[in-house]
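In: What follows is a predicted structure for the sequence shown.
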Amino acid sequence: MTAALVLALGLVTAGSVAAQHPRSHSPTDRLIDSLIARMTLEQKLGQLNLPSVDTRPSPQQLDLVRQGLVGGFLNLTGAAAARAAQHLAVTESRLHIPLLLGYDVIHGYRTIFPIPLAEAAAWDPAAAESTAHVAAREAAAAGVNWTFAPMVDIARDPRWGRIAEGAGEDPYLGSVLAAARVRGFQGSDLRATDAVLATAKHLAAYGAAEGGRDYNTVDVSERTLREIYLPPFRAAVDAGVGSIMTSFNEIAGVPSTANRWLVTTLLRGEWKYSGLVVSDWMAIAQLQAHGVAGSRAEAGKLALAAGVDMDMTSGIYLDDLPALVRSGRIPVASVDRAVRRILRAKATLGLFDDPYHGASVEREAAVLLAAEHRALAHRVAREAIVLLKNDGDLLPLAESAARHTIAVIGPLADDPGAALGAWPGHGDPRDVVTVLAGIRERAGAGVELRYAKGAGIVDTSTAGFGDAVALARQAGVAVVVVGEAADMSGEAASRSTLGLPGVQQQLLEAVQGTGTPVVLVLLSGRPLAVPWAAEHVPAILEAWALGVETGHAVADVLFGDVSPSGKLPVSVPRAVGQVPIYYNHKNTGRPPSQDKYTSKYIDLPLPSSPLFPFGYGLSYTTFGYSDLRLSAPRITPAETLRVTVTVTNTGPRSGTEVAQLYVRDEVASVTRPVRALAGFRRIALAPGEAQRVEFALTPRELGCYGPDLRFVVEPGRFRVFVGGSSAEGLEATFEVTVAPRP
Ligand code: BGC
C-alpha cells in the first residue's frame, strides 16, 4: 500500500458504512479496487472466509493467514494474541490485508452487564447505549474489532432460550434498543479505538421458531415479518449498523442463509443497506441439512447468490467456490461484490491504518473491569429489576426486620454463574457480587444473616429442605433466591416448561409454609410462569441475570436504597400452554368473554390474561396519571399528533416511572393489534412532584401495511392509552381524516 493511500484512508470516517455508495470513487474505493485487482480468486474467497479459533489460531490457520486465505477469525481474543495475528496478516500475507476479529460481546466483554432482556426491562435506551459502548471499549482493548451483537430478534415465546439475548416481545421497544445498542458499539466513528463493528442478528424471525424450539422451522406471513420481526433490523440499519447476520431458520420454506429476497431485495434493495452480511455458525453447510442444497458447493452457491458475503466456519466459500467460478457457474462479479463489502468494513474500522485498532496489553489491563465500568453495571442492574408483587409493603425491608435475622435461601443465592447469565463473554465468576454477598455487605454487622442452599437447581434431592426451613423459622424475613442456571437460557436452551426447575418450587412452598414472610427473588433468562408464587408469596422481584453487580443491585432494592423502576419487556404467562403470548395480539372475531364460544382456555381464568402483563412493574411509591390531552381531535395522515399527560408521584418516596403510550387503530382495512406501544418516557419524581410528559404520534406509529403490503396511514378512529403498563391507562380518541381541517 502506498503512503498516499494510507493517508487517503485517513479521510474516511466511520458511522458511514451504510451511507457509502458502493459505486462511489472515494480513496477507500480506489484502494479496495486496487486490492481486488491484485487478488487471486482464492485470495478473494479467502476474504469471505471466517473460521473460528479454539482460543488461539492453529499453525495451519496461521498459514492460511499468510496465504491470504482468511478474512477474519472469530473467538480470537486477548490483545497479545490478536496483535500477533494482525501482525502476521499485515506483514507476511501478500497483500497485507488486516483481519476482522469477531466475538460475541453480547452484554459485556469482562464487565458483564445485565443480559439484554434484563436491560430491556430498564426501558432506558441511554443506558443500553452506554453499556454497549463500555463493552466495545473493553473488547477493542482486547483486540476484538467486531461484535456479533445486538441480537434484535423479537421473541413471543419464552420457551425459546434466546429470548434472554434480545429486547423481548415488542417491535417498538426492540427498535429503540436496537438503534441504541448499535450506536453504543459503533460510536460516532468506527475508527475510534473504543468502537467495534456491530452486527444486527439474526435476520430474520429466528424468535418465531415453532414450539419455541431453537433452530426450528418458522412460517410467518410477510405482514407479520414487516410489522413485528423486521422493524428492529430496520432500526439497526438506519442507525448505521455495519454488519448483519442471517438466521439459522427457514421462513416459509426458504432458509435465511439462502434467502435472496430477504438479504438482497429487502435488505440491500429496499432498505439501502450496504454493509456486510455474515452467515451464522456453519449455516451455509447446513443448507444441506435443510434440504435445499445437495452438496457443499451447491450450498455455497445458494448463499452467495442470496447475498451472504461471509462464511462463518463452513469453509465452503474457500474450498468449493473456486471451481464454480472458474467454470462460469458463479460470476466473478458476485465474488468481487462480497469482497468489496468486507474490505470496506475493514477500511471503515481504520484497520488499514491501525490494524490493531488500539489494542494493547497495557490498555487491556487498564480498561477491563475498570471501576467506572462496574459502576455503570451497578446502575443499570438496579434499573433492570422488576418488582412484580409487594403485598403489605413487605419491601423495602423495614429497619426492624433488617435489624433482626434474615434467612437467605436457595440454590441461586450464591451462584455467580447464574448472575452472569448466558453469553458471559470473558466475564469471570470471581468478579461477581452474588445476591448473598450483596445482602451481607448491605445488611452490615447489626443483622444476623444466615444462608441455606436448600436444594440444587435441577437435581431432585430434598435433603437440604430441613435446614432451610429451620433457618426460615428463626428469621424475621426469608429471601428465597431461585430460578434458572446460566445454561438454561441462551442458545440451544429451549424449555418445554416455564416453572421453577428441579425441586425449587417445593422448596419455596416449604419456606412459605413456615409463616415467615418471604421475598422471592427470581434469577432467570426468561419470564417464568409462577402462578403459585404470585398467589401466595407476598413479595416477588424479577432479577434476571444482572451481571457482575447482581448482588449490589438486588440489595439496593431489598433495603430500599433505590425504588424499583423496571417494567416487563415481555408478558409473563400463567401457564406454558398460553405461549406464544404477547400483549399486542389481535382482537379476533370472538374476543374472550363469559360466553363459551370465545377465544380462551377453559382451564385458565378469564380473560386468559398473562400472570403479569407487558410493561408492568411496581415501585415503592405510586404514580398517578391525569389530564390526558391530544393536540387535535383530528389530523391528516401526514400529520403528527402530540399527546400530553401529567404523571404525579402520589406516594411517600422518590421513584422513577416508565410512562407508556399505546395506540389502537379501531377499524382498518386489515386487522390491527388491540394495542401497540408507540412511545415511552422514564421520569424520576420526588414525592408529590408532577411532570407533564409529551409524546409524538407520527405516521410511523399510526400507519400499517395495507392489503397490498404498502405502508399507509388509513383514515379512521384511533384510541390512545397512556399509563404504567399495557393493561391500564387513561384513554382518549382521535380521528385521522383525509378531509381538510374545519
Ligand atoms: C449463534 C450466533 C453467534 C455465533 C458465533 C451461533 O451459534 O447463533 O448468535 O454469534 O454462534 O458464536
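Out: Cool, got the structure. The shown structure was predicted, so the numbers you read here are calculated from the model rather than taken from an experiment. Residues are numbered from 1 along each chain as shown.
In: So which residues on the protein come close to the ligand?
Out: Those residues of the chain that sit near the ligand, judged by CB under 6 Å from any ligand atom, are L74, D104, F148, K201, D280, W281, E491. To be clear about C-beta, it is placed using only N, CA and C from the backbone, and glycine gets the same treatment.
In: I'd like these as JSON lines, with pLDDT, secondary structure and neighbour count appended.
Out: Below are the residues of the chain next to the ligand laid out as JSON lines (pLDDT from 0 to 100; DSSP: H, G, I helix; E, B strand; the rest coil; neighbours: other CB atoms under 10 Å):
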{"residue": "L74", "pLDDT": "98", "secondary structure": "strand", "neighbour count": "21"}
{"residue": "D104", "pLDDT": "98", "secondary structure": "coil", "neighbour count": "21"}
{"residue": "F148", "pLDDT": "99", "secondary structure": "coil", "neighbour count": "24"}
{"residue": "K201", "pLDDT": "98", "secondary structure": "strand", "neighbour count": "26"}
{"residue": "D280", "pLDDT": "98", "secondary structure": "coil", "neighbour count": "23"}
{"residue": "W281", "pLDDT": "98", "secondary structure": "coil", "neighbour count": "17"}
{"residue": "E491", "pLDDT": "98", "secondary structure": "coil", "neighbour count": "17"}
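In: so which pair among those residues is furthest apart in space?
Out: Using CB to CB, these reach their maximum pairwise distance at L74 and E491, which is 14.4 Å.
In: R326 contacts L41, correct?
Out: Yes - R326 is within contact range of L41, at 7.2 Å (criterion: CB atoms under 8 Å).
In: What sits closest to D170 if chain neighbours are left out?
Out: Spatial nearest neighbour of D170, chain neighbours left out: L677 (5.3 Å); criterion: CB to CB, 6 or more residues apart in numbering.
In: Report pLDDT for that neighbour.
Out: Looking at L677, its pLDDT reads 98.
In: May I have the residues that are in contact with it?
Out: Taking CB atoms under 8 Å, 6 or more residues apart in numbering, we find L677 in contact with D170, Y172, L173, N584, G615, Q660, L661, Y662, S726.
In: Could you rerun that using 7 Å?
Out: Taking CB atoms under 7 Å, 6 or more residues apart in numbering, we find L677 in contact with D170, Y172, L173, Q660, Y662.
In: OK, contacts around the residue of the stretch 501-650 of the chain found nearest the ligand?
Out: Closest approach between the stretch 501-650 of the chain and the ligand, counting by CB to the nearest ligand atom: G525, at 14.6 Å. By CB under 7 Å, 6+ apart, the contact set of G525 is I115, L117, G161, A164, G421, A422, E484, M488, S489, G490, A545.
In: at 6 Å instead, please
Out: By CB atoms under 6 Å, 6 or more residues apart in numbering, the contact set of G525 is A164, G421, A422, E484, S489.
In: ok, now L558?
Out: L397.
In: Would you mind measuring from it to P610?
Out: Here the criterion is CB to CB, to the nearest Å. By it, L558 lies 25 Å from P610.
In: Just give the nearest non-adjacent residue to S654, would you?
Out: Using CB to CB, 6+ apart, the closest residue to S654 is A686 (5.2 Å).
In: one step back: among the contacts of G525, pick out the one closest to E694, please.
Out: A164 (33.7 Å).
In: if I look at that closest one, how far off is the ligand?
Out: 12 Å (CB to the nearest ligand atom, to the nearest Å).
In: Look up phi and psi at whatever residue of the stretch 301-450 of the chain ends up closest to the ligand.
Out: Among all residues of the stretch 301-450 of the chain, M312 sits closest to the ligand, at 6.7 Å; criterion: CB to the nearest ligand atom. When read as degrees, to the nearest 10, the backbone of M312 gives phi -80, psi 110.
In: which residues touch it?
Out: Contact analysis of M312 by CB under 6 Å, 6+ apart lists L50, V278, S279, W281.
In: Surely the third one and S256 touch.
Out: Pointing back at S279 there. No - S279 lies out of contact with S256 (CB atoms under 6 Å); the separation is 8.9 Å.
In: Out of the two, name the residue with the larger neighbour count.
Out: S279 (31 against 26; other CB atoms under 10 Å).
In: how about the more buried one, what does it touch?
Out: Contacts of S279 (CB under 6 Å, 6+ apart): T246, T257, V308, D311, M312.
In: now do F721
Out: Y662, G729, E731 are the contacts of F721 under CB under 6 Å, 6+ apart.
In: since we're on the residue lying closest to it once chain neighbours are set aside, how many residues are nearby?
Out: In this structure, F721 finds its nearest non-sequential neighbour in G729, 3.8 Å apart by CB to CB, 6+ apart. Number of residues near G729 (other CB under 10 Å) recorded here: 21.
In: Surely G729 is in contact with V722?
Out: Yes - in this structure, G729 is within contact of V722 by CB under 6 Å, at 5.1 Å.
In: Contact partners for the residue in the chain that the ligand sits nearest to?
Out: Here the residue of the chain nearest the ligand is F148; by CB to the nearest ligand atom that distance is 3.4 Å. Applying CB under 6 Å, 6+ apart to F148 gives the contacts D104, T199.
In: quick one: L302 from M312, how far?
Out: For L302, the distance to M312 (CB to CB) stands at 15 Å.
In: measure stretch 255-266 end to end?
Out: 15 Å (CA to CA, to the nearest Å).
In: Quick one: residues in contact with it.
Out: 203, 246-247, 277, 279, 283-284, 287, 290, 292, 302-303, 306-308.
In: how far out from the middle of the chain is that stretch?
Out: Distance, stretch centre to chain centre, for stretch 255-266: 22 Å (CA atoms, centre = their mean, to the nearest Å).
In: quick check: mean pLDDT across that stretch?
Out: In this model, stretch 255-266 has an average pLDDT of 98.
In: Ok, stretch 439-450 next?
Out: On average, stretch 439-450 scores 93.
In: before we move on, what about stretch 304-315?
Out: 98.
In: Any idea how far that stretch is from the middle of the chain?
Out: Distance of stretch 304-315 from its chain centroid, counting by CA atoms, centre = their mean, is 24 Å.
In: Could you do stretch 157-170 as well?
Out: On CA atoms, centre = their mean, the centre of stretch 157-170 falls 8 Å from that of its chain.
In: and the helix or strand harbouring V176, what does it pack onto?
Out: Element membership of V176 [criterion: DSSP states H and E] is helix 171-186. For helix 171-186, the packing partners by 3 or more CB pairs under 6 Å, 6 or more residues apart in numbering; DSSP states H and E come out as helix 125-141, helix 231-238.
In: export those to TSV and tack on mean neighbour count and mean pLDDT?
Out: Output for the helices and strands packed on helix 171-186, formatted as TSV (neighbours: other CB atoms under 10 Å; pLDDT from 0 to 100):
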stretch	mean neighbour count	mean pLDDT
helix 125-141	25	98
helix 231-238	24	98
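In: would you list those in a markdown table and tack on distance to R634?
Out: Listed next are these as a markdown table, based on distance: least, CB to CB, whole Å:
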| stretch | distance to R634 |
| --- | --- |
| helix 125-141 | 31 |
| helix 231-238 | 27 |
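In: E383 is nearest to which of these?
Out: Of all the helices and strands packed on helix 171-186, helix 125-141 sits nearest to E383, with 6.3 Å by CB to CB.
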